[in-house]
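[1] Here's my sequence, what's the structure:
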Amino acid sequence: METIKNQAINLDQKLSYKLFKTCPKTQRARSCLKALEWSCHGIPWIAGTITLIYMFPSHPTYPQLLVGLLLDCLYVAIVKALARRRRPVYAQQDDQFCVVLVDKHSFPSGHASRAFYIACFAHNYSILSFLVWIWAASVAVSRVLLGRHHVGDVIAGTALGFVEYLIQYGLGLPITNACIWAASAILGVQFANTNDGDNSLDGDTL
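    Residues are numbered from 1 along each chain as shown. Here you go, the predicted model:
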């Protein structure tokens, strides 16, 4: 079993390195990859969602999104702390913004999990949903091309994003309402009533 695990890890590392090498090492290419990295960074998403909550406290969508983003950070941190896989050694890693201790680990990709959670969250949109899915896939691929993660990290992050959405909306658990109640007390904002099992956005925009 240990041999199979090591073989899988070695294969993952070799494939990840090959994909990393295929990406042009130009300033323009790196700028595009960094832009995708920033577009899914947790701090802007959480800060922006909190801002929207204060601007539109009666809108039920934003508190639900905030809960999902915070739970995503929690789930990723727990798995990273348990797995403790090192990031790829063949790429520069010291230029990342606001990296906490657990973010030094590679498995799973937090950007991939966040991107696909957001894509799942926006699935009720038509054209917008299609664009969000393209963005999420681009973010996931960029993590390997930028050398931030191995392929296995991104696959695990993508799967985690789907699982996070399922936990929040598909299992009928009162997670969202409980977290929204806590956030309401902390932020001092009275949110609109929400239904933990219903993510119907009725065509509203994020």
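
[2] So, low pLDDT: which residues of this protein?
    1-2, 93, 95-103, 125-126, 172-176, 180-206 (pLDDT under 70).

[3] Identify each buried residue in the longest helix anywhere in it, please.
    When the chain is parsed with DSSP state H, its longest helix is helix 61-83. By neighbour count on 16 or more other C-beta atoms under 10 Å, the buried set for helix 61-83 is 61-73, 75-77, 79-80. Quick note: C-beta positions are derived from backbone N, CA and C, even for glycine.

[4] Summarise which helices and strands that helix is packed against.
    If you count contacts as 3 or more C-beta pairs under 8 Å, 6 or more residues apart in numbering; DSSP states H and E, helix 61-83 packs onto helix 42-55, helix 110-121, helix 151-165, helix 175-187.

[5] so what's Leu15 closest to, chain neighbours aside?
    Nearest residue to Leu15, sequence neighbours excluded (C-beta to C-beta, 6 or more residues apart in numbering): Val151, at 5.4 Å.

[6] quick one: contacts for that neighbour?
    The contact partners of Val151, by C-beta atoms under 8 Å, 6 or more residues apart in numbering, come to Asp12, Leu15, Ser16, Leu19, Val144.

[7] Compare those and tell me which is most surrounded.
    With neighbours set by other C-beta atoms under 10 Å, the maximum within the contacts of Val151 is found at Val144, which has 28 neighbours.
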